[in-house]
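Undergrad: Build me a model from this:
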Amino acid sequence: MKTIRFIALLTLLFSCSQTKTSDQNQTYDTAAKAVAPKDEDFKTIEAQTESDTLKGSLKAKAMGIIGNTTITINYYSPAVRGRIVWGGLVPFDKVWVTGAHSATNIDFTQEVSIGGLIVPAGKYALFTIPGKEEWIIIINRNWEQHLTDKYDAKDDVVRVKVKPEVETSRQERLRYVIESEGSSEGEVVIYWDTLEISLPVAALKK
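TA: Numbering: from 1, shown residues only. As a prediction, the model looks like this:
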């Protein structure tokens, strides 16, 4: 009789242990699903002239088509929040990630021409050197890096000098837009604060 009771007790303990483990696994699965990246994490930043209350830099994405080339830009979008941006938050004459946190990525599905040079299809980092009168836009091979920690000019594919334009309205959050002009030409445009900076891009295949 004692043997039967002992076996019954072992069976009960084993059953409770299995239930606890199952509950733990379910909890872990739920937690994993909760932190898994979602498509909605990548926001499209719209034209915005008023301050927002969100803190930090938003994870953002811009997509567009020039010719038969799809261009995708992934970046972090900081906000002005009443700060002096140019020459303050963003210093002049220094390489800037043109976003926040990590290197801004630009991806071309087909080869394109930028600044008269051919840029093969693939993913790159997009850096800039802001100036008071002139900017330098840089396409760099090392697309996966924190800010400009590992930036090396030896990895530059192309550098293009452009003139910034002053807008009459203020863009609160940094915003990228891909604009198509004609069958094979277009621009990658950067809007932030009161400046607009445009990078001409030509698709090599219509």
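Undergrad: the longest strand in the chain is where?
TA: Scanning the chain for the longest strand, with DSSP state E as the assignment, gives strand 185-203.
Undergrad: and Lys161, what does it touch?
TA: Going by C-beta atoms under 8 Å, 6 or more residues apart in numbering, Lys161 touches 134-137. Yep, even glycine has a C-beta here, placed from its N, CA and C like the rest.
Undergrad: Double-check that it belongs to a strand.
TA: Yes. Assigned with DSSP: H, G, I helix; E, B strand; the rest coil, Lys161 falls within a strand.
Undergrad: ok, what's across the strand from it?
TA: Judged by DSSP bridges, the bridge partners of Lys161 are Ile136.
Undergrad: Quick one: the strands in this structure, in order.
TA: In the chain, strands defined by DSSP E lie at 58-66, 69-77, 105-108, 112-114, 117-119, 122-129, 135-140, 156-162, 165-181, 185-203, listed in chain order.
Undergrad: what is the orientation angle of the longest one with strand 69-77?
TA: To tie it back to what came earlier, the one meant is strand 185-203. 120 degrees (axes from the mean of the first three to the mean of the last three C-alpha atoms, to 10 degrees).
Undergrad: list the helices and strands strand 185-203 packs on?
TA: Where contact means 3 or more C-beta pairs under 8 Å, 6 or more residues apart in numbering; DSSP states H and E, strand 185-203 is packed against strand 58-66, strand 69-77, strand 112-114, strand 122-129, strand 135-140, strand 156-162, strand 165-181.
Undergrad: JSON lines please, covering those strands and showing distance to Pro200 and mean pLDDT.
TA: Listed next are these as JSON lines, based on distance: least, C-beta to C-beta, whole Å; pLDDT from 0 to 100:
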{"stretch": "strand 58-66", "distance to Pro200": "10", "mean pLDDT": "95"}
{"stretch": "strand 69-77", "distance to Pro200": "13", "mean pLDDT": "96"}
{"stretch": "strand 112-114", "distance to Pro200": "7", "mean pLDDT": "97"}
{"stretch": "strand 122-129", "distance to Pro200": "14", "mean pLDDT": "97"}
{"stretch": "strand 135-140", "distance to Pro200": "10", "mean pLDDT": "98"}
{"stretch": "strand 156-162", "distance to Pro200": "8", "mean pLDDT": "97"}
{"stretch": "strand 165-181", "distance to Pro200": "9", "mean pLDDT": "94"}
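Undergrad: Select, out of those strands, the one closest to Trp96.
TA: Trp96 lies closest to strand 122-129 among these, at 5.2 Å (C-beta to C-beta).
Undergrad: which residues touch that closest one?
TA: By C-beta under 8 Å, 6+ apart, strand 122-129 touches 73, 93-98, 103-108, 135-145, 148, 151, 157, 188, 190, 197.
Undergrad: Many thanks, have a good one.
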